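Enquirer: Provided below are the primary sequence and the corresponding predicted coordinates.
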Amino acid sequence: MPDSASSRRLQHQIALVTGGSSGIGSGVAEALAAEGATVFVNYSHSPEGAAEVVKKIEAAGGKAYAVHADVSKEEEVLAMFKEIREKCGTLHILVNNSGIQDDSPFLDMSLEKWQNVINVNLTGQFLCAREAAREFVRRGPQPEISKATGKIICMSSVHEVIPWAGHVNYATSKGGIMQLMKSMAQELAPQRIRVNSIGPGAIATPINASARDTPEEEKSLLTLIPYGRIGEPADIGKVAVWLASDESDYVTGTTLFADGGMTLYPGFADNG
């Protein structure tokens with residue numbers, strides 16, 4: 001953590017990271033806490049994972065709580081926000097990170113597989129963002145804490161712009177997140193609520209472990225990344241901190257791709 005408390009960009013702010021018990025979510029939760037935020041680490045199926053993230057944050061001198069909710073279920077989202085208000089009074093930062101994959105060739109994709117991914121990845125972001133925005137408006141500005149009344153960061157993907165055969169449900173959910181984010185940003189800007197997205201590329205997390213199982217598979221993946229390395233959760237955590245801080249106060253309605261250049265379509269580097 002930073003040596004000086006005054007250097008912590010998120011001091012006195014309360015943050016919620018959905019899907020914070022592993023992968024990108026845990027990296028984001030730890031990064032926000034290192035900058036002074038009190039972090040609620042949301043989990044759906046892994047209380048042990050959330051407890052471990054909380055433990056790491058506390059060991060580093062930060063403050064965190066584990067909080068349960070399946071973000072696709074409205075009643076659980078409402079209960080989660082009620083718990084946050086009861087513990088800390090309000091919320092300043094939402095990182096809408098919960099996401100799943102449930103892959104299938106399009107011709108074989110069941111309605112269940114389609115709906116599972118849309119429910120968590122897209123409806124879950126809508127429900128959490130709506131409740132966060134309601135809380136920001138209820139509380140009103142706190143200029144001594146943050147220039148913005150509230151900050152919402154949607155975790156999208158390079159696949160909000162790159163089609164992905166065999167993953168139609170996932171790619172559709174991320175394209176939906178892009179328009180959800182932009183439309184929220186447009187509507188909420190007059191309330192000084194900033195809404196942005198992060199578009200990760202290949203990040204070393206359990207969700208894409210199968211693409212890195214062998215040196216051959218990892219080499220194949222790296223052909224899609226001009227920068228020549230797979231990202232780490234900490235890379236996304238640093239982006240989230242910046243988007244949540246006053247340093248990005250004039251930034252809203254934008255997807256910041258953190259992808260090592262994957263959206264540069266490296267297959268066309270030699271004229272395609």
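Expert: Now that the structure is in, tell me what you want to look at. Residues are numbered from 1 along each chain as shown.

Enquirer: And the helices in the chain, which stretches?
Expert: Shown for the chain, the helices assigned by DSSP state H span residues 23-34, 47-59, 74-88, 111-118, 124-139, 168-188, 215-222, 233-244.

Enquirer: Make CSV from these and add mean pLDDT and distance to Leu256 to it.
Expert: Just so you know, the C-beta spots here come from the backbone N, C-alpha and C atoms, and that holds for glycine as well. Below are the helices of the chain laid out as CSV (pLDDT from 0 to 100; distance: least, CB to CB, whole Å):
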stretch, mean pLDDT, distance to Leu256
helix 23-34, 98, 13
helix 47-59, 98, 23
helix 74-88, 98, 25
helix 111-118, 98, 23
helix 124-139, 98, 16
helix 168-188, 98, 11
helix 215-222, 91, 22
helix 233-244, 98, 6
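
Enquirer: Could you say which of the ones you listed is packed most deeply?
Expert: Comparing those by mean neighbour count (mean count of other CB atoms under 10 Å), helix 23-34 comes out on top with a mean of 27.

Enquirer: looking at the helices of the chain, which is closest to Ala204?
Expert: In terms of CB to CB, the element of the helices of the chain nearest to Ala204 is helix 233-244, at 7.4 Å.

Enquirer: other SSEs contacting the closest one?
Expert: helix 23-34, strand 93-96, strand 150-155, strand 193-200, strand 255-258 (3 or more CB pairs under 8 Å, 6 or more residues apart in numbering; DSSP states H and E).

Enquirer: Adding distance to Gly272, write the helices of the chain out as JSON lines.
Expert: Output for the helices of the chain, formatted as JSON lines (distance: least, CB to CB, whole Å):
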{"stretch": "helix 23-34", "distance to Gly272": "31"}
{"stretch": "helix 47-59", "distance to Gly272": "42"}
{"stretch": "helix 74-88", "distance to Gly272": "44"}
{"stretch": "helix 111-118", "distance to Gly272": "31"}
{"stretch": "helix 124-139", "distance to Gly272": "34"}
{"stretch": "helix 168-188", "distance to Gly272": "21"}
{"stretch": "helix 215-222", "distance to Gly272": "19"}
{"stretch": "helix 233-244", "distance to Gly272": "28"}
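
Enquirer: Indicate which one of these is closest to Val161.
Expert: Among these, the nearest to Val161 by CB to CB is helix 168-188 (7.7 Å).

Enquirer: Check which helices and strands the closest one sits against.
Expert: Judged by 3+ CB pairs under 8 Å, 6+ apart, helix 168-188 is in contact with helix 111-118, helix 124-139, strand 150-155, strand 193-200.

Enquirer: So which of the ones you listed is nearest Lys182?
Expert: That would be strand 193-200 among the helices and strands packed on helix 168-188, by CB to CB, at 8.1 Å.

Enquirer: quick one: Phe257 and Glu160 touch, right?
Expert: No: between Phe257 and Glu160 no contact is recorded; they are 9.0 Å apart, counting by CB atoms under 8 Å.

Enquirer: Name the residues contacting each of those two.
Expert: Shared contacts of Phe257 and Glu160 (CB atoms under 8 Å, 6 or more residues apart in numbering): Gly199.

Enquirer: can I get the helices and strands packed on helix 168-188 in TSV with distance to Val53?
Expert: TSV is the format used below for the helices and strands packed on helix 168-188 (distance: least, CB to CB, whole Å):
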stretch	distance to Val53
helix 111-118	24
helix 124-139	18
strand 150-155	16
strand 193-200	18
